[in-house]
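Peer 1: Next input, structure requested:
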Amino acid sequence: MVVGVPLLAGEIALELAPAQTQVGWTLGDVLHTVHGTFRLKHGELHFDTATGEASGQFVVDVTSGDSGSGARDHRMHKEILESQKYPEATFTADHMQGSLAAAGPSHLEFHGVFRMHGAEHEMTLPAVVERNGEDLSASIDFTIPYVKWGMKNPSNFLLKVNDHVEIHVKTKAHVRVLEN
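Peer 2: Residues are numbered from 1 along each chain as shown. As a prediction, this is how the structure comes out:
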């Protein structure tokens, strides 16, 4: 909370800007680390600062996954993500914790369900947000334990990769305070 700046109260709507959103991922292995991206299809979150109730979702285009290597990406889409069968990953919010400052930085946590590869997983996503008038920028970093979630580990006898992938989201959103 910024000292001297009142917190926003009431229902807030955030409209995420897909063109201004980067969804990056990092997969480590013994020899090197692979970085890649996905595209956000759309996203909107609503939350009530008084009750913590939240709704809305953001949807990622899994078919857009790109690591910069055609052969690696082909295998990732066909064997690990099965992106033709599961073309989207979604996070649907149901609760929010934290306070959104009228200006400056805030730390929020969004609880909900992350649906990926045909299964639902309860998650809490931590967000560091910076408010500037009606505009907001946010960073969200979290881990997906993809092997635990039923996806194939691409490791083989020469290549040993982590059983989890780090997700890094940077986005901009338009803030609307909704009338009660």
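
Peer 1: for this protein, which spans come out with low pLDDT?
Peer 2: For the chain, the stretches with pLDDT under 70 are 1-9, 179-180.

Peer 1: Output the longest strand belonging to it.
Peer 2: Longest strand in the chain, counting residues (DSSP state E): strand 33-48.

Peer 1: which helices and strands does the helix or strand harbouring Ser139 pack with?
Peer 2: Per DSSP states H and E, Ser139 falls inside strand 135-144. Where contact means 3 or more CB pairs under 8 Å, 6 or more residues apart in numbering; DSSP states H and E, strand 135-144 is packed against strand 119-132, strand 165-178. No exception for glycine: its C-beta is placed from N, CA and C like everyone else's.

Peer 1: Just send the ones you listed back as CSV, with distance to Val30 and mean neighbour count too.
Peer 2: As requested, those are exported to CSV (distance: least, CB to CB, whole Å; neighbours: other CB atoms under 10 Å):
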stretch, distance to Val30, mean neighbour count
strand 119-132, 27, 15
strand 165-178, 16, 17
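
Peer 1: What residue in this protein is the furthest from its centre?
Peer 2: Distance from the C-alpha centroid of the chain peaks at Phe157, with 31.8 Å (CA atoms, centre = their mean).

Peer 1: Pull the residues that contact the strand holding Ser139.
Peer 2: Outside of strand 135-144, the residues within contact range by CB atoms under 8 Å, 6 or more residues apart in numbering are 14, 114, 116, 123, 125-130, 164-175.

Peer 1: again, only this time at 6 Å
Peer 2: 125, 127-130, 164-173, 175 (CB atoms under 6 Å, 6 or more residues apart in numbering).

Peer 1: Over to stretch 27-37?
Peer 2: Contacts for stretch 27-37 (CB under 6 Å, 6+ apart): Gly24, Trp25, Thr26, Asp66, Ser67, Lys160, Val161, Asn162, Val165.

Peer 1: And it, end to end?
Peer 2: This stretch, stretch 27-37, spans 11 Å end to end (CA to CA, to the nearest Å).

Peer 1: residues of it that come out buried?
Peer 2: Buried positions in stretch 27-37, judged by neighbour count with 16 or more other CB atoms under 10 Å: Leu27, Val34, Gly36.
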